[in-house]
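*Asks:* just need the structure, nothing else, for what follows:
(chains A and B)
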Amino acid sequence: DAKTTQPTSMDCAEGRAANLPCNHSTISGNEYVYWYRQIHSQGPQYIIHGLKNNETNEMASLIITEDRKSSTLILPHATLRDTAVYYCIVSGGGNAGNMLTFGGGTRLMVKP
Amino acid sequence: ETGVTQSPTHLIKTRGQQVTLRCSSQSGHNTVSWYQQALGQGPQFIFQYYREEENGRGNFPPRFSGLQFPNYSSELNVNALELDDSALYLCASSLRTRGTDTQYFGPGTRLTVL
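*Replies:* Down below sits the predicted model:
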């Protein structure tokens, strides 16, 4: 079972920031938070990951709470092409078999 | 573009047949993982190969098997196909390092079993 909880769907206006929440209350100390997105029938696209500190790259920002039990993915200026299913995944920690367990994800709809 | 390629793009088979799907990893990556994604669901982990050996397996029967070659390309083989095997099959490559490894996905192979 997925170790994360996400809202099923969210809407966002084009040009506005999209804030996608994720709960991962059972995360272990050496596990990372990963975000992927999947546009219809394509392979999942890696967005960003983090351990404890907030992270930012050219696609998004990741804000992780101090207790690491939740996080928020921020798309600063959403476009129509950001419409996709967004998956928050807890994984890693240096163990063998770093598998990704996908839950249902959040279906983000960016509207004009 | 992730540099991960898969072939074929689409495939149609009949129940009971066998199928081989192929994946070419991103240059420099030493780990490949395979996932099955049924329609309307998230991807499910099948197995992972690291340096040509199976290194973790999900809840899939033995008729799902794989290979990783010295150039780190990989194959997924499914024997005795069943209707429920119809799905998008995804491979992801990564570079195993200390800490964690980020997986980059290919475009997938859409398998239809009739």
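*Asks:* what ranges does the chain have for its strands?
*Replies:* Assuming you mean chain A. With DSSP state E, the ranges of strands along chain A come out as A:9-13, A:18-23, A:32-38, A:45-50, A:55-56, A:61-64, A:70-75, A:84-91, A:106-111.
*Asks:* that's the wrong chain, I wanted chain B
*Replies:* For chain B, applying DSSP E gives strands covering B:5-7, B:10-13, B:19-24, B:31-37, B:44-50, B:53-57, B:64-68, B:74-78, B:87-94, B:104-105, B:109-113.
*Asks:* which one of these has the lowest average pLDDT?
*Replies:* Mean pLDDT is lowest for strand B:53-57 out of those, coming in at a mean of 90.
*Asks:* quick one: is that strand near chain A?
*Replies:* Yes: part of strand B:53-57 sits near chain A under the criterion C-beta under 8 Å from any C-beta of the partner chain, namely B:55, B:56, B:57. Where C-beta positions appear, they are placed from N, C-alpha and C, glycine not excepted.
*Asks:* can you put these in CSV and add distance to residue A:78 and neighbour count?
*Replies:* As requested, the residues of strand B:53-57 next to chain A are exported to CSV (distance: C-beta to C-beta, whole Å; neighbours: other C-beta atoms under 10 Å in any protein chain shown):
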residue, distance to residue A:78, neighbour count
B:55, 37, 19
B:56, 35, 17
B:57, 38, 16
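*Asks:* just give me the closest of those to chain A.
*Replies:* Checking the residues of strand B:53-57 next to chain A against chain A with C-beta to the nearest C-beta, the nearest one is residue B:56 at 2.3 Å.
*Asks:* residue B:79: which of the residues of strand B:53-57 next to chain A is nearest?
*Replies:* residue B:57 (15.8 Å; C-beta to C-beta).
*Asks:* for the residue nearest to that closest one when sequence neighbours are not counted, list the residues it contacts.
*Replies:* Among residues not flanking residue B:57 along the chain, residue B:47 sits closest, at 4.4 Å (C-beta to C-beta, 6 or more residues apart in numbering or on different chains). By C-beta atoms under 8 Å, 6 or more residues apart in numbering or on different chains, residue B:47 lies in contact with B:33, B:34, B:54, B:56, B:57, B:58, B:60, B:64, B:66.
*Asks:* nearest to chain A among these?
*Replies:* Nearest to chain A among these, with distances taken as C-beta to the nearest C-beta, is residue B:56, at 2.3 Å.
*Asks:* and for residue A:110, the neighbour number?
*Replies:* Around residue A:110 there are 20 other residues, counting by other C-beta atoms under 10 Å in any protein chain shown.
*Asks:* is it true that it touches residue A:83?
*Replies:* Yes: contact criterion C-beta atoms under 8 Å: residue A:110 and residue A:83 qualify, at 4.9 Å.
*Asks:* got any residues that touch both of those two?
*Replies:* Contacts common to residue A:110 and residue A:83, judged by C-beta under 8 Å, 6+ apart, are absent.
*Asks:* might you enumerate the residues of chain B proximal to chain A?
*Replies:* Going by C-beta under 8 Å from any C-beta, the residues of chain B near chain A are B:2, B:4, B:31, B:33, B:35, B:42-45, B:48, B:50, B:55-58, B:88, B:90, B:92, B:94, B:96, B:98-108, B:110.
*Asks:* touching, residue B:73 and residue B:22? I think so.
*Replies:* Yes: Residue B:73 lies in contact with residue B:22 (C-beta under 8 Å); the separation is 7.0 Å.
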